[in-house]
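[1] Okay, here's the prediction I keep looking at, along with the sequence it came from:
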There are 2 protein chains.
Amino acid sequence: MQRMVVLGAGVMGSALCVPAADNGLDVTLVGTHLDHSIIESLKSSHYHPALDARLPDSIRYLQIDELTAEHLMQVDLFVIGVSSPGMDWAIETIRAKKTALSTLALITKGLEPDNDAPALTYADALPVKLAAQQESTLEPITFEHLVGIGGPCIARELALRQPTAVVFGCVDNDALATMANALQTDYYRIKQSADVTGIEACAPLKNFFAIGVSATLGHYATEKNQVVSVSKNPTAAYFNQAVVEMAALAEWLGGRRDTAYDLAGMGDLHVTVGGGRNSRLGTCLGQGLTISEAMAGPLQGQTVEGIDTGRVLSAGFRKAIDNGELRKENFPLTTAILDCIEFDCQFGLCHQLF
Amino acid sequence: MQRMVVLGAGVMGSALCVPAADNGLDVTLVGTHLDHSIIESLKSSHYHPALDARLPDSIRYLQIDELTAEHLMQVDLFVIGVSSPGMDWAIETIRAKKTALSTLALITKGLEPDNDAPALTYADALPVKLAAQQESTLEPITFEHLVGIGGPCIARELALRQPTAVVFGCVDNDALATMANALQTDYYRIKQSADVTGIEACAPLKNFFAIGVSATLGHYATEKNQVVSVSKNPTAAYFNQAVVEMAALAEWLGGRRDTAYDLAGMGDLHVTVGGGRNSRLGTCLGQGLTISEAMAGPLQGQTVEGIDTGRVLSAGFRKAIDNGELRKENFPLTTAILDCIEFDCQFGLCHQLF
């Protein structure tokens, strides 16, 4: 594995370039039309303003309008690193270059609605999208292997080479090992898993559950010597419940339960609670705000991915409860978060959750 | 279930009296000879100095020399709440009262060395100890049911009635349900499990692993805008690895793997990292101290239960590695912590742990 191209110069796509470049790969980072100033900065000084970090000298930077079909020839690893609303744009962009990819890796996380299935992870939705002709007259995109990337990874810490453990998932063992070997460094440790669907299920679900766990951060306080701190028992209880429910939902979405009880689920939720927008929304809910109040107030103008995940999850989840496929009593936290998203009600921090 | 007696007026035994008293049980809290001033304070004002909380008015308090056989007659639930070094003393104390107990519940957590087995949880060691005549000419103690108590519970938060989710374990479903119903309140939620051995394995193991996870808190720092904070990726990675290894060790000790992936393991570790003596020791290790240096310095005069657990675990663990029962590559964190305990070396915060 020699050549890697990352589409999307957001924090995670950019941070992934660091171990790749450190391992001597030929790395090209392509910004979207939203990344213009980031790419300008990287071109002039290798400094990524959102990461607040300097990237390795060897990385090549391109604005999106500089990307040509030649840049995509003989690419061993193509990484989609756009935000989830940009996924369809990313696919059309690749399609327009008529490229044949070897390994396609996903940083973008999300769920897609589906008429027949509960909801589709990107691991299941993407191959269909890529192969489809859609309205476009362009060629379908072919690729040999799809790799999902999960696990607890704050992008800036990775860019600063702090020790980070992640999991890569692919149904093809050899392709997986090749990619893991190409990207693994002494600070970026990669577990290998065959359960790409489970990894792709846990990634958006952990955003969703981070909302509920973080509600405890905004709600329960213990005072000692006039110092007020967050109560830890409720947070641990909700964290535990979130992982248990995530495992059941990951299985329902076609993945494996034990994937949630590892880096992609438990580990990633650990790093997500207490930082980021999902967690800040949850804290607002714990303080008694509704989602619309939080989005009009402290989170104005922000995208909170856990809300999008909840919206996609909702219809299939309610249907599965109704038809007995899932049992409602096993999902008190899922239900409490979904109620906030669907009915804009206050978060049900009732003691009877468990 | 009407009458409950708790032996040991430390923080956890005392806090457990709160939901019991709130539920209208007849509760007696008996201090050990180490708890003299606590019982004095409780008798005069219901104030528990170590909990920094006032206990319910209905609780009866006894100094150990006030405990008579009559106090132990018709006790439905006897709770051992001494610290682990006091377990043998507690057993002799009960034995001397010639009591027949209905349900015996364990707050005390630890492992016992064993010649044949890897190590014994209290769930397995205690029935043998209680039945044994030993050198004493006293009667063996009989009891009908043994209940283990696990899960994330900081005692002071429970005493302040902060929402807390725990797990009770007992092989007898009916006895378990009776006890859970007697103690469950709106703030003290009780899951029921048949895996008492797994619960009793996880409780001491989480102290042991809290040392290793907390080492990351003392070691990795990320700076932003001149504010230095703990890096979150390494802590999440170690937390995840700790739970995975705890599940394997709990199974090896005779419990069930999935018990570790729930309140008794994952949940309790969540609340243990970042607070308490095991975590403070771990932070010292992360700062480069050895255990002997930490115990002679910042932790002088303290008992760190995770060290005791490691000492009991060690011989059986090394033997199981040698004979192939356990595979060393699956236990990098266990090995790193045991090395510190056995050889007083620096903690191996190597990136290759995972």
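    Structure received. Numbers count the residues shown, from 1 in each chain, chains lettered A, B, ... in the order given.
[2] can I assume A:Phe168 sits in a helix?
    No - with DSSP: H, G, I helix; E, B strand; the rest coil as the criterion, A:Phe168 is strand rather than part of a helix.
[3] State the distance from it to A:Ala237.
    31 Å (CB to CB, to the nearest Å). Using the backbone N, CA and C atoms, a C-beta is placed for each residue, glycine as well.
[4] which of these two has more neighbours?
    A:Ala237 (28 against 23; other CB atoms under 10 Å in any protein chain shown).
[5] Relative to chain B, how far out is that one?
    Distance, A:Ala237 to chain B, by CB to the nearest CB, to the nearest Å: 4 Å.
[6] what's the angle from the helix or strand in which that residue is found to helix B:232-252?
    Using DSSP states H and E, A:Ala237 maps to helix A:232-252. Angle of helix A:232-252 versus helix B:232-252, following axes from the mean of the first three to the mean of the last three CA atoms, to 10 degrees, is 80 degrees.
[7] Show me what secondary structure element comes after helix A:232-252.
    helix A:257-260.
[8] to the chain's geometric centre, what's the distance from that next one?
    16 Å (CA atoms, centre = their mean, to the nearest Å).
[9] model confidence over that helix, on average?
    Per-residue pLDDT over helix A:257-260 has a mean of 98.
[10] residues contacting the residue nearest the centre of chain A?
    The residue lying closest to the centre of chain A (CA atoms, centre = their mean) is A:Lys109, at 3.7 Å. Applying CB atoms under 8 Å, 6 or more residues apart in numbering or on different chains to A:Lys109 gives the contacts A:84, A:122, A:200, A:203-204, A:207, A:305.
[11] Name the SS class of it, please.
    coil.
[12] which residue packs closest to the closest residue to chain B within the stretch 251-354 of chain A, ignoring adjacent ones?
    Nearest residue of the stretch 251-354 of chain A to chain B (CB to the nearest CB) works out as A:Gly267 at 3.6 Å. Setting aside the residues directly before and after it, A:Gly267 is nearest to B:Asn240 in space (CB to CB, 6 or more residues apart in numbering or on different chains), at 3.6 Å.
[13] burial of the one you found, as a residue count?
    By the criterion of other CB under 10 Å, B:Asn240 has 30 neighbours.
[14] Correct me if wrong: it contacts A:Ala264.
    No - shown here, B:Asn240 and A:Ala264 do not form a contact pair, counting by CB atoms under 8 Å, at 9.6 Å.
[15] Indicate each strand paired with the longest strand anywhere in chain A and its parallel or antiparallel sense.
    Taking DSSP state E as the criterion, chain A has its longest strand at strand A:142-150. Strand A:142-150 sits in its sheet next to strand A:100-106 (parallel), strand A:164-169 (antiparallel), going by DSSP bridges.
[16] Show me what the helix or strand following that strand is packed against.
    Using DSSP H and E, the helix or strand that follows strand A:142-150 in sequence is helix A:155-159. For helix A:155-159, the packing partners by 3 or more CB pairs under 8 Å, 6 or more residues apart in numbering or on different chains; DSSP states H and E come out as helix A:11-22, strand B:221-224, helix B:232-252.
[17] Enumerate the residues of the stretch 1-150 of chain A near chain B.
    By CB under 8 Å from any CB of the partner chain, the residues of the stretch 1-150 of chain A that approach chain B are A:Asp52.
[18] which residues of the stretch 1-150 of chain A fall in helices?
    A:11-22, A:36-45, A:87-96, A:122-131 (DSSP state H, counting those that start in this stretch).
[19] and the angle for the third one with strand A:142-150?
    The one in question is helix A:87-96. 150 degrees.
[20] which other residues reach helix A:87-96?
    Counting by CB under 8 Å, 6+ apart, A:7-8, A:32, A:64, A:67, A:72, A:78, A:80, A:82, A:101, A:108, A:110, A:122, A:126, A:129-130, A:136, A:138-141 sit against helix A:87-96.
[21] tell me the mean pLDDT for it?
    85.
[22] Okay, buried residues for it please.
    A:87, A:90-91, A:93-95 (16 or more other CB atoms under 10 Å in any protein chain shown).
[23] got it, and stretch A:338-347?
    A:338-341, A:346-347.
[24] Next: stretch A:168-178.
    A:168-170, A:172, A:175-176, A:178.
[25] Make TSV from these and add pLDDT to it.
    TSV is the format used below for these (pLDDT from 0 to 100):
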residue	pLDDT
A:Phe168	97
A:Gly169	97
A:Cys170	96
A:Asp172	95
A:Ala175	94
A:Leu176	96
A:Thr178	95
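[26] Could you find the closest non-adjacent residue to A:Leu77?
    A:Met4 (4.4 Å).
[27] That neighbour: what's it in contact with?
    A:Met4 neighbours (CB under 8 Å, 6+ apart): A:17, A:20, A:25-28, A:75-79, A:182.
[28] ok, back up a step: I'd like the distance between the residue nearest to the centre of chain A and A:Glu305.
    For A:Lys109 relative to A:Glu305 (CB to CB), the value is 7 Å.
[29] what's the burial count for the residue lying closest to A:Leu101 once chain neighbours are set aside?
    Nearest non-adjacent residue to A:Leu101, counting by CB to CB, 6+ apart: A:Phe143, 4.0 Å away. Neighbours of A:Phe143 under the rule other CB under 10 Å: 17.
[30] Tell me both backbone torsions, phi and psi, for A:Gln63.
    phi -70, psi 160 (degrees, to the nearest 10).
[31] and what of the one 5 residues further on?
    Per-residue torsions, A:Thr68: phi -120, psi 170 (degrees, to the nearest 10).
[32] for it, what are its contacts?
    Contacts of A:Thr68 by CB under 8 Å, 6+ apart are A:Lys97.
[33] just the helices in the stretch 251-354 of chain A please.
    Using DSSP H, counting those that start in this stretch, helices in the stretch 251-354 of chain A cover A:257-260, A:268-272, A:276-286, A:291-296, A:305-322, A:332-343.
[34] With respect to B:Val196, which of the ones you listed lies nearest?
    Taking CB to CB, helix A:257-260 is the member of the helices of the stretch 251-354 of chain A nearest to B:Val196, at 23.4 Å.
[35] Can you spell out which helices and strands pack onto the closest one?
    Contacts defined by 3+ CB pairs under 8 Å, 6+ apart place helix A:257-260 against helix A:196-215, helix A:232-252.
[36] how distant is the last one from the center of its chain?
    Here the centre of mass of C-alpha atoms in helix A:232-252, compared against the chain's by CA atoms, centre = their mean, lies 18 Å away.
[37] same question, the first one
    For helix A:196-215, the distance between its averaged C-alpha position and the chain's averaged C-alpha position is 8 Å (CA atoms, centre = their mean).
[38] can you pull the alpha-carbon coordinates of it into CSV?
    Output of helix A:196-215 as CSV, limited to C-alpha atoms (Å, rounded to 0.1, in the frame of the first residue of the first chain):
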residue,chain,number,x,y,z
VAL,A,196,-17.6,-3.8,9.5
THR,A,197,-21.3,-3.4,9.9
GLY,A,198,-21.0,-3.5,13.7
ILE,A,199,-18.3,-0.8,13.6
GLU,A,200,-20.4,1.3,11.2
ALA,A,201,-23.4,0.9,13.5
CYS,A,202,-21.6,1.8,16.7
ALA,A,203,-20.0,5.0,15.3
PRO,A,204,-23.3,6.9,14.8
LEU,A,205,-25.0,5.2,17.8
LYS,A,206,-22.3,6.4,20.2
ASN,A,207,-23.1,10.0,19.2
PHE,A,208,-26.7,9.4,19.9
PHE,A,209,-26.1,7.8,23.3
ALA,A,210,-23.5,10.4,24.2
ILE,A,211,-26.5,12.8,24.3
GLY,A,212,-28.2,10.7,27.0
VAL,A,213,-25.2,9.9,29.1
SER,A,214,-24.2,13.6,29.1
ALA,A,215,-27.6,14.6,30.4
